[in-house]
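Trainee: just to be clear, the model below is a prediction. Sequence and coordinates:
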Amino acid sequence: MEPRPAAPGPCPGDSRGAEQAAAASSLNPAGADSRPRRRAPAVAAVLPAGGSGERMGVPTPKQFCPILERPLISYTLQALERVCWIKDIVVAVTGENMEAMKRIIQKYQHQRISLVEAGVTRHRSIFNGLKALAEDQPDSKLCKPEVVIIHDAVRPFVEEDVLLKVVTAAKEHGAAGAIRPLVSTVISPSADGCLDHSLERARHRASEMPQAFLFDVIYEAYQQCSDYDLEFGTECLQLALKYGHINAKLVEGSPDLWKVTYKRDLYAAESIIKERISQHICIVMDTKEDENHVGHYLEEILKNELNHVKVTSGALCPASRDLEQIILEQCYNYVCVNVMSSDFEETRKLLNMLEESNLSILYPIVVISVYFLDYKSVPFDEKMESLIQIREYAKEVKKRNILLSGLLICFPQDEQRLQASLRQGVTIIATLIKERNSGLVGQLLVA
Ligand SMILES: Nc1ccn([C@@H]2O[C@H](COP(=O)(O)OP(=O)(O)OP(=O)(O)O)[C@@H](O)[C@H]2O)c(=O)n1
Ligand SMILES: O=P(O)(O)OC[C@@H](O)[C@@H](O)[C@@H](O)CO
């Protein structure tokens, strides 16, 4: 088993989950067992990630396929790391992907991760992960948990609430798993390829992940498991039933629990991620509050036209606490409004703050530098000369996963034309944020 990296990072979530999970697994929130004698049981997770992804139809195993230039498995690890009461995450990868996995852990600063060798089937990979957690293994360095979560590495959209539900249910029933309504009807074909019978769809469910088990239940099941089941089985809950006589508790899961299997699933996952990180826009003004400021007109139209998007305003000078707070809250979209100047100073300050925050490690940040071209007071060629810099500067910050583009809005104009330009500008801003198309990096668009 591979060595574990640094100690767990800060627990970003509230303690609610920790308290409920602790109650479920007899831990108190501080992590110490409330009963004097027993070792502090914990919750661990095993992530099978040793597949080849044949159905994806690409050379790279799907768990390593990029979404927004970041491997799919990193999103799943991030989802589990948000849950502070999961103390260890054991990932099963093939020997040939071990180094790649270590680089992913390092680059994206994943915590609490231990690596084990995958098996030739999913069940064997899971079994290897469980062995790493059992204490009857010579090289085990991990603490045996009371409850173990099993979750496919290619299911990135797993939330704390369903994890808490399956863990709580597993504590009571011995095993639990997430389920979803069937989309297609299940049929049974006859030997000659005709319909033998079909199952009543309303009375059946699809078994999804995450699943959770009392560790001893599932570990003993795998130890008794036949070679046939290890080779051809696809359902851990069935192993708990067949070998442990445990009828797992079934927990309704959310629609986002689906498994990335085909290429279309990768496109769907990318759309969901883009949508989620586009929900908050920060407008950074280059002047102090001024109701008649044309930037505030832009802000009002952004708020009106982009429903369900949180738009906040920050100020750069002085380096304001509110902008630092917005960055801390992980906003991935910034509109830097330059009315008074056409140089890069304001945008450069914002980019420096973003680079120092390391926010762009996990997701690409979109920065749009908006300029109001006052062609009556500033000669066009003089203004354009400074704006063309955006192309070189954008190349530089792209290396830090920051997508910088420029937007020119002619000003002053009569009221009607100005409103039309502002609305066009908002459409361009929304598209740049939603699409996050690196092909538009360094471009200067005109509204
Ligand atoms: N020998 C294997 C096979 C699969 N898995 C993992 O089990 C999860 C779900 O399996 P599946 O979707 O079937 O993945 P693949 O086997 O890679 O896909 P395919 O069947 O299309 O080859 C994936 O995270 C996969 O990496 C594993 O750890 N070890
Ligand atoms: O069969 P696959 O390896 O594609 O998927 C494994 C599991 O995700 C799948 O069997 C779920 O139904 C949950 O058990």
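Mentor: Cool, the structure landed. Because the structure is predicted, anything quoted here is derived from the model rather than measured. Ligands and ions are numbered 1, 2, ... in the order given.

Trainee: so for the longest helix along the chain, what's the average pLDDT?
Mentor: Looking across the chain with DSSP state H, the single longest helix is helix 415-435. Helix 415-435 comes out with an average pLDDT of 93.

Trainee: for that helix, buried residues please.
Mentor: By neighbour count with 16 or more other C-beta atoms under 10 Å, helix 415-435 contains the buried residues Leu418, Ser421, Leu422, Gly425, Val426, Ile428, Ile429, Ala430, Leu432, Ile433, Lys434. The C-beta positions use only the backbone N, C-alpha and C, and glycine is treated the same way.

Trainee: the closest residue to Val251 other than its chain neighbours in helix, strand or coil?
Mentor: Nearest residue to Val251, sequence neighbours excluded (C-beta to C-beta, 6 or more residues apart in numbering): Lys165, at 4.7 Å. Secondary structure, DSSP: H, G, I helix; E, B strand; the rest coil: Lys165 is helix.

Trainee: got a list of what whichever residue of the stretch 251-400 of the chain sits closest to ligand 2 touches?
Mentor: Ligand 2 sits closest to Lys259 of the stretch 251-400 of the chain, with a gap of 5.2 Å, by C-beta to the nearest ligand atom. By C-beta atoms under 8 Å, 6 or more residues apart in numbering, the residues touching Lys259 are Asp152, Val154, Arg155, Glu208, Met209, Asp265.

Trainee: from what I can see Gly244 touches Val217, true?
Mentor: Yes: Gly244 is within contact range of Val217, at 4.8 Å (criterion: C-beta atoms under 8 Å).

Trainee: tell me the residues that contact both of the two, please.
Mentor: Contacts common to Gly244 and Val217, judged by C-beta under 8 Å, 6+ apart, are Gly174, Ala175.

Trainee: picking that back up, any idea how far Lys249 is from the residue nearest to Val251?
Mentor: Between Lys165 and Lys249 the distance is 9 Å, computed by C-beta to C-beta, to the nearest Å.

Trainee: what is in contact with these two at once?
Mentor: Listed contacts common to Lys165 and Lys249 are Ala176; contacts here mean C-beta under 8 Å, 6+ apart.

Trainee: wait, Gln413 sits on Ser421?
Mentor: Yes: between Gln413 and Ser421 a contact is recorded at 6.4 Å, counting by C-beta under 8 Å.

Trainee: where does Arg103 fall, helix, sheet strand or coil?
Mentor: Under three-state DSSP, Arg103 comes out as helix.

Trainee: cool, Glu385 as well?
Mentor: Under three-state DSSP, Glu385 falls in the helix class.

Trainee: same deal with Ala178?
Mentor: strand.

Trainee: tell me how far the residue nearest to it when sequence neighbours are not counted lies from ligand 1.
Mentor: In space, Ala178 comes closest to Gly253 once its chain neighbours are excluded; the distance is 3.4 Å by C-beta to C-beta, 6+ apart. According to C-beta to the nearest ligand atom, to the nearest Å, Gly253 and ligand 1 sit 16 Å apart.

Trainee: before we move on, the earlier item: SS state for the residue of the stretch 251-400 of the chain closest to ligand 2?
Mentor: With three-state DSSP as the basis, Lys259 sits in coil.

Trainee: for the closest residue to ligand 1 within the chain, give its distance to Gly295.
Mentor: At 2.0 Å from ligand 1, Gly51 is the closest residue in the chain, using C-beta to the nearest ligand atom. Distance, Gly51 to Gly295, by C-beta to C-beta: 50 Å.

Trainee: one step back: show only the entries of the contacts of Lys259 found in strands.
Mentor: Residues from the contacts of Lys259 lying in strands, with DSSP state E as the criterion: Glu208, Met209.

Trainee: settle this for me: Cys225 is touching Ile126, isn't it.
Mentor: No: counting by C-beta under 8 Å, Ile126 is not a contact partner of Cys225; they are 10.2 Å apart.

Trainee: tell me which of these two has more neighbours.
Mentor: Per other C-beta atoms under 10 Å, whichever of Cys225 and Ile126 has more neighbours is Ile126, with 27 against 18.

Trainee: returning to what we had before: give me the helices and strands touching the following helix or strand past the longest helix of the chain, please.
Mentor: Next in sequence after helix 415-435, counting helices and strands by DSSP states H and E, comes strand 444-446. Applying 3 or more C-beta pairs under 8 Å, 6 or more residues apart in numbering; DSSP states H and E, we find strand 444-446 packed against strand 402-410.
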